[in-house]
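>>> Sequence and computational prediction follow.
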Amino acid sequence: MRKFFSGVWRVITFPFRLIFNIAASPFRAVARFNKFLNTEPEERPLTDVFADLATDSSVRQMMWDQVEALRAHLLRAVVVLALAVIASFWYAERLMDFLAVPVGGLEKLQAIQVTEEIGVFMRVAMSAGIAVAFPYIAFELWLFAAPGLRPRERKFGLAGIPFATFLFLLGMAFTFYILLPAALPFLGGFTKIAQFWAAREYFGFVTSLMFWIGIFFEFPLVIYVLSAMGLVKPAVLAQQWRLAIVIISVIAAAITPTIDPVNMGLVMAPMILLYFVSIGLSFLAYAGRGKTKPAESEPV
């Protein structure tokens, strides 16, 4: 009889319990996320992990678990990127009109191959999808790295996602509004040869340049994360700034559309500035790792 009344009570209270659980689920999720942000990670030197890979099966299993977690994060990022690209189909043609403004509009470009128009359309949609999905992709990367970071570093990393998005979009805007107006007249007027640019070549050139310079603008955030994990030391970055400028000049020469020093300097200037900003962020991240652990209670 007791089981009967208990079952009747569960049936009667089920709608109320369901409503309560639905209403409480956001608060529970916030509490779990807050606990995740403030949980101290297990401290284990990376060298010890690699040394135990050959002898300790639990360490090997841990590494496989990390690989599986990375696969799950990348899969979710790819799914969101695909959805963003599909959503970009609705405004990709307007983006093509916008990107063609430096050469006088789409009517100034030519489609030589049969599939060239749809190829250009898909390329522009892919670039727009990457820009739209970038915050979520950065969030998935943060979720993967967060368990190995301290609470302070996790919070800085999470707060840095909007900053990372801003840097990526800033790099793309820098390319379109500053670099292209300087590079295209030089490329189009180097000789007296008439310019009839193919749409595939033009949009491939523009979207690739915007993407890679946008990625280079992420350098401060990458340095911050590596410093927070203890893989990069700010003192080394500060001491090797001359070598860094040489490397930046080589990279700028590789991605700059022209070989003249003016356009190369336009690419190098923000990269050098970002490098010194990265040094400051590295000191900030590394200072958090240098904090002493809470002192253990002494025996009475």
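Sure, I can see it.

>>> Sketch out the low-pLDDT regions of this structure for me.
Under the criterion pLDDT under 70, the flagged ranges of the chain are 1-2, 4-5, 33, 36, 41-62, 190, 228-230, 257-260, 262-263, 288-300.

>>> those helices in it, which residues are they?
Secondary structure of the chain (DSSP state H): helices at 2-37, 46-52, 57-88, 92-99, 116-145, 151-174, 180-188, 199-216, 219-228, 234-239, 241-255, 261-289.

>>> who does the third one touch, helix- and strand-wise?
Using 3 or more C-beta pairs under 8 Å, 6 or more residues apart in numbering; DSSP states H and E, the elements in contact with helix 57-88 are helix 46-52, helix 116-145. Every residue, glycine included, has its C-beta placed from N, CA and C.

>>> how far does that helix sit from the chain's center?
Relative to the centre of its chain, helix 57-88 is centred 14 Å away, using C-alpha atoms, centre = their mean, to the nearest Å.

>>> before we move on, what about stretch 23-41?
Here stretch 23-41 is found 24 Å from its chain centre; the criterion is C-alpha atoms, centre = their mean.

>>> same check, this time on stretch 167-181
The answer for stretch 167-181 is 17 Å, by C-alpha atoms, centre = their mean.

>>> start to end distance for it?
Stretch 167-181 has its terminal residues 20 Å apart, counting by C-alpha to C-alpha, to the nearest Å.

>>> List the buried residues for that stretch?
For stretch 167-181, the buried set under the neighbour-count rule, 16 or more other C-beta atoms under 10 Å, comprises L167, F168, G171, M172, F174, T175, F176, L179, L180.

>>> any idea how far the residue most central in space within the chain lies from L221?
In the chain, the residue lying closest to the centroid (C-alpha atoms, centre = their mean) is A138, at 4.1 Å. Note on A138: its distance to L221, by C-beta to C-beta, to the nearest Å, is 8 Å.

>>> who's in contact with the residue nearest to the centre of the chain?
By C-beta atoms under 8 Å, 6 or more residues apart in numbering, A138 lies in contact with I161, A164, T165.

>>> Repeat the analysis, applying 6 Å as the threshold.
Listed by C-beta atoms under 6 Å, 6 or more residues apart in numbering, the contact partners of A138 are I161, A164.

>>> A128 against F89, yeah?
No. Here A128 lies out of contact with F89, judged by C-beta atoms under 6 Å, at a distance of 9.2 Å.

>>> out of those two, which sits in the more crowded spot?
Taking neighbours as other C-beta atoms under 10 Å, A128 and F89 compare with A128 leading, 20 against 14.

>>> dump the residue contacts of the more buried one.
For A128, the contact set (C-beta under 6 Å, 6+ apart) comprises S88, L95.

>>> Okay, it and A87: tell me how far apart.
Taking C-beta to C-beta, one finds A128 at 9 Å from A87.

>>> do R123 as well
From R123 across to A87, the span is 16 Å (C-beta to C-beta).

>>> which of these two has more neighbours?
Between R123 and A87, counted using other C-beta under 10 Å, the more crowded position is R123 (19 against 15).

>>> Now do the contacts for that one.
R123 makes contact with F203, T207, according to C-beta under 6 Å, 6+ apart.

>>> Please tell me how far it sits from E116.
As defined by C-beta to C-beta, R123 lies at a distance of 10 Å from E116.

>>> now do I255
Between I255 and E116 the computed distance is 24 Å (C-beta to C-beta).

>>> What of P234?
Distance, P234 to E116, by C-beta to C-beta: 48 Å.

>>> Report the residue ranges of every domain in the chain.
Here the domain parsing of the chain from automatic domain parsing is 47-185+193-217, 219-289.

>>> would you list those domains in CSV and tack on distance to R17?
CSV is the format used below for the domains of the chain (distance: least, C-beta to C-beta, whole Å):
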stretch, distance to R17
domain 47-185+193-217, 31
domain 219-289, 42
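
>>> Not including adjacent chain positions, what is the nearest residue to P234?
S282 (3.7 Å; C-beta to C-beta, 6 or more residues apart in numbering).

>>> burial of the one you found, as a residue count?
Using other C-beta under 10 Å, S282 has 24 other residues around it.

>>> now swap in the one 3 residues further on and tell me
Neighbourhood size, A285 [other C-beta under 10 Å]: 25.

>>> now V246
Using other C-beta under 10 Å: V246 sits among 10 other residues.
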